[in-house]
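Undergrad: got a predicted model here, sequence first, then my questions.
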Amino acid sequence: MSVFPQSTVLGYPRIGPRRELKRALESYWDGRSGRAELERTGAELRARTWRRLAELGLEGLPSNTFSLYDQVLDTAVMLGAVPERYRAAEDPYFAMARGTEGLAPLRMTKWFDTNYHYIVPEIGPRTVFKLDAGKPLGEVREARALGFETRPVVVGPVTFLLLGSALDRLEEVLGCYAELLAALAAEGVAWVQLDEPALVADRTPEELAAVRDAYERLGALSERPGLFVASYFGDLGEALPVLAATPVEALGVDLVRGGVPEIDLTGKTVVAGVVSGRDVWRTPPERALAALGAIRASRVTVSTSCSLLHVPYDVEAESGLDPALKERLAFAEQKAAEVVALARGDVRGVPVSLPSEAAPAPVAAEGRGPYAVRAAAQGDRLRLPPLPITTIGSFPQTGELRAARAAAAAGTLPQQDYERRVEAEIERVIRLQERLGLDVLVHGEPERNDMVQYFAEHLDGFAVTANGWVQSYGSRCTRPPLLYGDVSRPAPITVRWARYAQSLTDKPVKGMLTGPVTIVAWSFVRDDLPLRDVVFQVADAVREEVRDLEAAGVPIVQVDEPALRELLPLRRAAQGGYLEWAVAAYRRATSGAGDRTQIHTHLCYSDADEILAAIDALDADVTTIESARSGARILGAVDAFERGLGPGVYDIHSPRVPSAEEVEDLLRRTLRVLPAERVWINPDCGLKTRTYEQVEASLANVVAATRRLRAEL
Ligand code: MET
Ligand SMILES: [Zn+2]
């Protein structure tokens, strides 16, 4: 077996330093360019990454970390787990990812505790596993043609099957992995990386036995590359001794989130993740060197704690950042360079120049009245029909709007003109909602580039990047703000737009805010601050905004917490403590509202059914939640929910327009588990990624279906 390289990264961003892949995908999907162009962009991005990592001096280059949509979907395709109904589609891969005219896409949910969304493998009795190693082999050959030997990265068999809730199919799947390893060995590949992040969560004895069986079996193969099993996002815990007892030659451990392995790993290579792949801060070398020095193994390789997929490309692309902040930052390129420097023992200190923080002052949590009292007061004020129809907040962000925002930021469009454009868009959205017959209207969020970044731009303590894009799913990226200091709200943020929207209509308008947990979860928080204290500081800022909206006469305020589930610790022992402070922060943000003000919250794409008790404890008057995209699974769990609930009836992640019949069917299923008085009608999530054409047709069908059901009440 050849020795494992001295330095490596577990994966790299793939969307492109200028989001080239995003553009290529969207142009392909729109039919503006062909498959060949898309492939060419992919090949260019892969080549650029290998070249850049080699230039930086990294020894172990990964391949197959590129994806046209998602690496879990790639793995499903590699294993032949393509459900029958997609096979006849023109492009089965993208049909699974995004759906087609007549076909809903596969379920999508968040990758462990990150904001990256993967496509959930659908494995059923009719799934026949059959290896197609074209993609990993293709990337190995492609890199070789450029002069680079690489280590293909594949989602491991146990994690893949756990994500697809089908661990009972291990035997069959291992057959495919065995074939894959043989094919890679025949290609001359020295090492393969099998990603097993599922092993950092609590696992049952049966699951641990599956881990043992899988790696005993793969390890016993005579024709195979060296096996590197990578774990990340936490500590391997009980899975570590299990893996260590198998023939696997190299083990990847996350030393940022987890501790130095307590057991002696002599005989193994430990790929030590000491450079965080989850934040944008430079690595304090003392911390990394101490961890590296404490590992007992035959060989220690320096690496990132996880794939760098979760951070932007390059700090050098940022010209507008305060230099004192910038010198503390490391994006993917800088992190790869840190890995190389640590491996060579050539390190420099991190300047400690950011101010330290004070814990936030406690706010007396004056309670809102009990739900029954609030419901009565709100009912009198709002006078809504049964099954009230609303949306989640955003309406399509048109190209003109984005261009106007960019022009205003660049100073080529006067601020006043930009604001008039925003007002015109608000008016368009209000009129559209009135015309469609919606009951609770929104202003459409046209002033927001993003639901977190917008608030970060208006709060002290945050900085925003110009080009710090991170892939969220498929072609979608976000630019997480940098939270580097004390958070406070210098002035009202959203009030003028909500007030303007309400001035245009007699129907109630719902003000839109992002909740404290989500603002923090989708920012890069300084790594030396306690997350809980930071969340409470943000909660206080949101609280001020809620009160100002109320004072401006806005009768409903929605405080979104789509990331509530995302920050849930992977280990059960830590979950209760987290949920307690997360819920407390939400209540701190919203409990300043009077009983007549209706508080909504919204959650999406995150297995919310696992934390329903905590969602209930948020004590919002109405909770809207994604459901259509995940096959209405949530309906099986919501009967204990005591207040207003809107399980989504329109999957907004897909360009297809749901028919009124389809919506009606979902509504009937909802009404079987919830009393009609508490049911709200809404899409799964905000509409900003859709076109007006799609939104108008879809919402018209939602209204038609609701009217049919109202007539039966
Ligand atoms: C990811 S949740 C999005 C909620 C937000 N209010 C929107 O409609 O865009
Ligand atoms: Zn949402």
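TA: Here it is on my side, so go on. Ligands and ions are numbered 1, 2, ... in the order given.

Undergrad: and the end-to-end length of stretch 461-471?
TA: Stretch 461-471 has an end-to-end distance of 24 Å (criterion: Cα to Cα, to the nearest Å).

Undergrad: now do it, average pLDDT.
TA: When pLDDT is averaged over stretch 461-471, the result is 96.

Undergrad: buried ones in it?
TA: Under the neighbour-count criterion of 16 or more other Cβ atoms under 10 Å, stretch 461-471 has 461-465, 467-471 buried. Heads up, the C-betas are built off the backbone N, CA and C, glycines and all.

Undergrad: residue 574: neighbouring residues, count only.
TA: Look at residue 574: counted by other Cβ atoms under 10 Å, it has 12 neighbours.

Undergrad: next one: residue 572
TA: 10.

Undergrad: tell me the secondary structure at the nearest residue in space to it that is not next to it in sequence.
TA: Closest residue to residue 572 apart from its sequence neighbours, by Cβ to Cβ, 6 or more residues apart in numbering: residue 202 at 5.2 Å. Three-state call for residue 202 (DSSP: H, G, I helix; E, B strand; the rest coil): coil.

Undergrad: so what's residue 202 scoring on pLDDT?
TA: We note a pLDDT of 97 for residue 202 in this prediction.

Undergrad: closest residue of the protein to ligand 1?
TA: For the chain and ligand 1, the shortest gap (Cβ to the nearest ligand atom) falls at residue 686, measuring 2.0 Å.

Undergrad: hang on, that residue packs against residue 446?
TA: No: with contact defined as Cβ atoms under 8 Å, residue 686 does not reach residue 446; the gap is 11.8 Å.

Undergrad: which of the residues in stretch 682-701 are buried?
TA: 682-690, 694-696, 698-699, 701.

Undergrad: closest to ligand 2 among these?
TA: residue 685 (3.2 Å; Cβ to the ion).

Undergrad: what count of nearby residues applies to residue 528?
TA: For residue 528, the neighbour count with other Cβ under 10 Å is 11.

Undergrad: if we can go back for a sec, just list the residues touching the residue of the chain closest to ligand 1, thanks.
TA: Residues in contact with residue 686 (Cβ atoms under 8 Å, 6 or more residues apart in numbering) are 391-394, 445, 451, 652.

Undergrad: at 7 Å what do you get?
TA: Going by Cβ atoms under 7 Å, 6 or more residues apart in numbering, residue 686 touches 392-394.

Undergrad: restricted to helices, list those.
TA: Using DSSP state H, no member of those falls within helices.

Undergrad: contact partners for whatever residue of the stretch 401-550 of the chain ends up closest to ligand 2?
TA: With Cβ to the ion, the shortest gap between the stretch 401-550 of the chain and ligand 2 falls at residue 451, namely 8.6 Å. Applying Cβ under 7 Å, 6+ apart, we find residue 451 in contact with 514, 560.

Undergrad: which SS class is it?
TA: coil.

Undergrad: what does the stretch 451-600 of the chain put close to ligand 1?
TA: Contacts of the stretch 451-600 of the chain with ligand 1, taken as Cβ under 6 Å from any ligand atom, map to 451, 512, 560, 562.

Undergrad: ditto for the chain
TA: Within the chain, the positions near ligand 1 by Cβ under 6 Å from any ligand atom are 392-394, 445, 451, 512, 560, 562, 602, 604, 685-686, 688.

Undergrad: mind putting those residues into CSV with pLDDT?
TA: Below are the residues of the chain next to ligand 1 laid out as CSV (pLDDT from 0 to 100):
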residue, pLDDT
392, 98
393, 98
394, 98
445, 98
451, 96
512, 98
560, 98
562, 95
602, 98
604, 91
685, 97
686, 97
688, 95
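
Undergrad: can you count the residues close to the closest residue to ligand 2 within the stretch 201-350 of the chain?
TA: Distances between the stretch 201-350 of the chain and ligand 2 by Cβ to the ion are smallest at residue 310, namely 19.8 Å. When neighbours are counted by other Cβ under 10 Å, residue 310 registers 25.

Undergrad: ok, and for stretch 608-626, which residues are buried?
TA: 608-609, 611-612, 614-626.

Undergrad: does the residue of the chain closest to ligand 1 belong to a helix, a strand or coil?
TA: On the basis of three-state DSSP, residue 686 is classed as coil.

Undergrad: not counting its neighbours along the chain, what's nearest it?
TA: Excluding the flanking residues, the one nearest residue 686 by Cβ to Cβ, 6+ apart is residue 394, at 3.5 Å.

Undergrad: residue 616 too?
TA: residue 641 (6.0 Å).

Undergrad: per-domain residue ranges of this protein.
TA: According to automatic domain parsing, the chain comprises the domains 20-344, 371-712.

Undergrad: where's residue 266, which helix or strand?
TA: strand 265-275 (DSSP states H and E).

Undergrad: export only the CA atoms of that strand, formatted as PDB.
TA: Provided in PDB are the C-alpha atoms of strand 265-275 (Å, rounded to 0.1, in the frame of the first residue of the first chain):
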ATOM      1  CA  LEU A 265      -4.300   3.900  16.300                       C
ATOM      2  CA  THR A 266      -0.900   2.400  15.700                       C
ATOM      3  CA  GLY A 267      -1.100   0.700  12.300                       C
ATOM      4  CA  LYS A 268      -3.400   3.300  10.900                       C
ATOM      5  CA  THR A 269      -3.000   6.600   9.200                       C
ATOM      6  CA  VAL A 270      -5.000   9.300  10.800                       C
ATOM      7  CA  VAL A 271      -6.200  12.100   8.500                       C
ATOM      8  CA  ALA A 272      -6.500  14.800  11.000                       C
ATOM      9  CA  GLY A 273      -9.100  17.500  10.300                       C
ATOM     10  CA  VAL A 274      -7.500  20.400  12.100                       C
ATOM     11  CA  VAL A 275      -8.400  23.200   9.700                       C
END
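
Undergrad: and which of the buried residues of stretch 461-471 is nearest residue 300?
TA: Nearest to residue 300 out of the buried residues of stretch 461-471 is residue 470 (Cβ to Cβ; 28.9 Å).

Undergrad: the lowest-mean-pLDDT helix or strand in the chain pairs with which strands?
TA: Of all helical and strand segments in the chain, the minimum by mean pLDDT, DSSP states H and E falls on strand 108-110, at a mean of 90. As defined by DSSP bridges, the strand partners of strand 108-110 come to strand 117-119 (antiparallel).

Undergrad: what about the helix or strand hosting residue 406, distance to the chain center?
TA: Secondary structure from DSSP H and E places residue 406 in helix 399-410. Helix 399-410 has its C-alpha centroid displaced from the chain centroid by 26 Å (Cα atoms, centre = their mean, to the nearest Å).

Undergrad: what helices or strands is the next helix or strand after that helix leaning on?
TA: Remark: after helix 399-410, the chain's next helix or strand is helix 415-436, criterion DSSP H and E. Applying 3 or more Cβ pairs under 7 Å, 6 or more residues apart in numbering; DSSP states H and E, one finds that helix 415-436 contacts helix 399-410, helix 495-503, helix 692-712.

Undergrad: quick one, the shortest one and helix 415-436 angle?
TA: Following axes from the mean of the first three to the mean of the last three Cα atoms, to 10 degrees, one obtains 40 degrees for the angle between helix 495-503 and helix 415-436.

Undergrad: show the average pLDDT along helix 495-503.
TA: 98.

Undergrad: for the least confident helix or strand of the chain, give me every contacting residue.
TA: Residues from elsewhere that reach strand 108-110, judged by Cβ under 7 Å, 6+ apart: 116-120, 473, 566, 605-607, 629, 653.

Undergrad: mind doing that once more with 8 Å?
TA: Residues contacting strand 108-110 (Cβ under 8 Å, 6+ apart): 116-120, 473, 565-566, 605-607, 629-630, 653.

Undergrad: among those residues, which ones are in strands?
TA: The strands, defined by DSSP state E, take in 117-119, 473 from those.

Undergrad: next, format those residues as CSV and append distance to ligand 2 and neighbour count.
TA: Below are the ones in strands among the contacts of strand 108-110 laid out as CSV (distance: Cβ to the ion, whole Å; neighbours: other Cβ atoms under 10 Å):
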residue, distance to ligand 2, neighbour count
117, 11, 20
118, 17, 24
119, 18, 25
473, 12, 20
